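J.: Got a predicted structure here, sequence first:
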Amino acid sequence: MKLAFLIADGMGDYPLKELHGKTPLEVANTPNMDRLAKTGKIGLCRTIPEGMEPGSDIANMAILGFDPSVYHTGRGPIEAAALKVPVDENDIIFRMNLVTVSEFSENGIMIDYSAAHITDEEAKKIISFLKENLEDDSWKIIPGFQYRHLLIRKDGKNTSLENTKINPPHDILDQSIKNDFFRFKNNEPLFDIILRANKILKENFPESKANCIWPWGQGKKLQLPDFSKTYGLKGAVISAVDLIKGLGYSSNMEVIDIEGATGLLDTNYKGKAEAAIEFLKQKDFVFVHLEGPDECGHAGDIKSKIKAIERFDKYIVGPICNFLESKKGACLICCDHLTPVYKRTHVSEPVPILFINFNAPLNKPDQKFSEIDAKKSDLFIERGEDLIKWILEQIK
């Protein structure tokens, strides 16, 4: 049976007074999900294990069926896998954002986790310059995409870097960086390279919003089981973001790159849907990930988040589910975590899920896909890594 997981990153939310007590998902015009809800199963799934950070890396790892408490080492190692960066067992791999801070000091404020969504062209110039002036035998800088890059401490096993807890920059928007500043300061090599980088940015790119590097999400090399051998499905991932690609590469899935996939509201929806359908014509399973709703949540932009959900419904859910219905396949629609617009960051509460088995449709005419309907359901998957197992049981 053909199976697709359609993930709208951060789609879930809280009721908002601006929307008269409804969520963006409730308000959005989503005729495809509304139709599918009447023939599918709605419920909740806990994608973030208790005690772990509510990040997309952890949540999507769980949705793909891998226990984050066993396999997760950090955000950086996942993105290193996406970029096929050769790393040694003792290397410490950081995700490194280009960010905007009011100042890099105990009095600083995190202004923007993405340096105003810096363009890829500008970021490449900056990262290239930083590489030329900062790299040595201990530190390596790996260019990524837009504001997302990597910083690697070679042979970092005898340092305290691996256990240093740095907040993701998107979690502290408009907040003080004081706690993180002192955590950086307590690790002299890390603090030193940040200071040198910031000096370079100030002197050589004074007009750029990227005035600081922010290393976080560090860990050692990621190693996941083979997805096909674990679940008996020949699968692929489709996403604009490196963390999804890294999970795909690390579990020996196919990774399909889509031209024009940006990870933002203006991504190439049509290209993603067409690629997913073409893959499913030959293989078993596709994991399609849309970053747009999450970015809008971080921005606190209600209207754009509604628009991102509507585009997900129209350009991803509609065509892919129409194909799956014709093949008597199955589909999961969900978000990896909630990104409430008024909090502007991730939360760890269970996410709403919608599962449709087109070979055995249900009849629930009054049901809609929303956070409130999901909470009314008696379906609850306690462990995110068990979700795929539950689905495979449904389609036997």
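T.: Great, that's in hand.
J.: now the strands for the stretch 1-150 of the chain?
T.: In the stretch 1-150 of the chain, the strands defined using DSSP state E, counting those that start in this stretch lie at 3-8, 41-45, 92-101, 110-112, 139-145, 148-153.
J.: try the stretch 151-300 of the chain
T.: Assigned by DSSP E, counting those that start in this stretch, the strands in the stretch 151-300 of the chain fall at 212-219, 235-238, 254-256, 285-290.
J.: Can you add distance to Glu371 and mean neighbour count and give the strands of the stretch 1-150 of the chain back as TSV?
T.: Bear in mind the C-beta positions are built from the backbone N, C-alpha and C, glycine included. Output for those, formatted as TSV (distance: least, CB to CB, whole Å; neighbours: other CB atoms under 10 Å):
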stretch	distance to Glu371	mean neighbour count
strand 3-8	13	25
strand 41-45	9	22
strand 92-101	29	27
strand 110-112	28	21
strand 139-145	31	19
strand 148-153	29	24
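J.: sorry, back to before: and Ser160, which of the strands of the stretch 151-300 of the chain is closest to it?
T.: strand 212-219 (11.1 Å; CB to CB).
J.: In this protein, where's the longest helix?
T.: helix 188-204 (DSSP state H).
J.: For it, buried residues please.
T.: Across helix 188-204, burial judged by 16 or more other CB atoms under 10 Å covers 190-191, 193-194, 197-198, 200-201.
J.: Make JSON lines from the strands of the stretch 1-150 of the chain and add mean pLDDT to it.
T.: As requested, these are arranged in JSON lines below (pLDDT from 0 to 100):
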{"stretch": "strand 3-8", "mean pLDDT": "98"}
{"stretch": "strand 41-45", "mean pLDDT": "97"}
{"stretch": "strand 92-101", "mean pLDDT": "97"}
{"stretch": "strand 110-112", "mean pLDDT": "97"}
{"stretch": "strand 139-145", "mean pLDDT": "94"}
{"stretch": "strand 148-153", "mean pLDDT": "96"}
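J.: Relative to Pro319, tell me which of these wins on proximity.
T.: strand 3-8 (10.7 Å).
J.: Quick one: list the elements packing against the closest one.
T.: With contacts taken as 3 or more CB pairs under 8 Å, 6 or more residues apart in numbering; DSSP states H and E, strand 3-8 sits against helix 56-63, strand 285-290, helix 318-326, strand 330-334.
J.: centroid residue for the chain?
T.: The structure's the chain has its C-alpha centroid closest to Ser56; by CA atoms, centre = their mean the separation is 3.7 Å.
J.: check contacts around the residue nearest to that one when sequence neighbours are not counted.
T.: Excluding its sequence neighbours, the residue lying closest to Ser56 (CB to CB, 6 or more residues apart in numbering) is Asp336, at 5.4 Å. By CB atoms under 8 Å, 6 or more residues apart in numbering, the contact set of Asp336 is 7, 9-10, 47, 56, 59-60, 63, 351.
J.: need the contact list for Leu290.
T.: Listed by CB under 8 Å, 6+ apart, the contact set of Leu290 reads 6-9, 239, 267, 269, 272, 308, 312, 316.
J.: Distance to Ala210 for these - can I get that in TSV?
T.: Output for the contacts of Leu290, formatted as TSV (distance: CB to CB, whole Å):
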residue	distance to Ala210
Leu6	33
Ile7	29
Ala8	28
Asp9	23
Ser239	24
Thr267	22
Tyr269	28
Lys272	28
Ala308	25
Phe312	29
Ile316	31
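J.: From one end of stretch 142-153 to the other, what's the distance?
T.: End-to-end distance of stretch 142-153 (CA to CA, to the nearest Å): 11 Å.
J.: picking that back up, ok, so of the contacts of Leu290, who is nearest Trp216?
T.: Asp9 (18.3 Å).
J.: Which pLDDT value belongs to the residue nearest to that closest one when sequence neighbours are not counted?
T.: Spatial nearest neighbour of Asp9, chain neighbours left out: Asp294 (3.9 Å); criterion: CB to CB, 6+ apart. Note on Asp294: pLDDT of 95.
J.: please begin residue numbering at 357 from this point
T.: Done: numbering now begins at 357, and the last item shifts to Asp650.
J.: Pretty sure Asp650 sits against Ser412.
T.: Yes: counting by CB atoms under 8 Å, Asp650 does reach Ser412; the two are 7.1 Å apart.
J.: Could you name every residue contacting both of these two?
T.: Listed as contacting both Asp650 and Ser412 by CB under 8 Å, 6+ apart are 365-366.
J.: Thr695 versus the residue nearest to Asp365, what's the distance?
T.: 5 Å (CB to CB, to the nearest Å).
J.: For those two, list the residues in contact with both.
T.: Overlap of the contact sets of Asp650 and Thr695 (by CB under 8 Å, 6+ apart) consists of 365-367.
J.: Just send those back as TSV, with neighbour count and pLDDT too.
T.: Converted to TSV, the shared contacts of Asp650 and Thr695 look like this (neighbours: other CB atoms under 10 Å; pLDDT from 0 to 100):
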residue	neighbour count	pLDDT
Asp365	26	97
Gly366	30	97
Met367	30	98
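J.: The stretch 507-656 of the chain: helices as residue ranges?
T.: 534-541, 544-560, 583-587, 598-606, 625-638, 648-655 (DSSP state H, counting those that start in this stretch).
J.: Asp742: which of the ones you listed is closest?
T.: helix 583-587 (12.2 Å).
J.: Test my guess that Cys690 contacts Pro708.
T.: Yes: between Cys690 and Pro708 a contact is recorded at 6.6 Å, counting by CB under 8 Å.
J.: State the helix or strand in which Leu710 lies.
T.: strand 707-713 (DSSP states H and E).
J.: Quick one: residues in contact with the very next helix or strand once past that strand.
T.: Sequence-wise, the next helix or strand downstream of strand 707-713 (DSSP H and E) is helix 727-732. Helix 727-732 has contacts (CB under 8 Å, 6+ apart) with 368-369, 379, 381-382, 393, 398-400, 708-709, 723.
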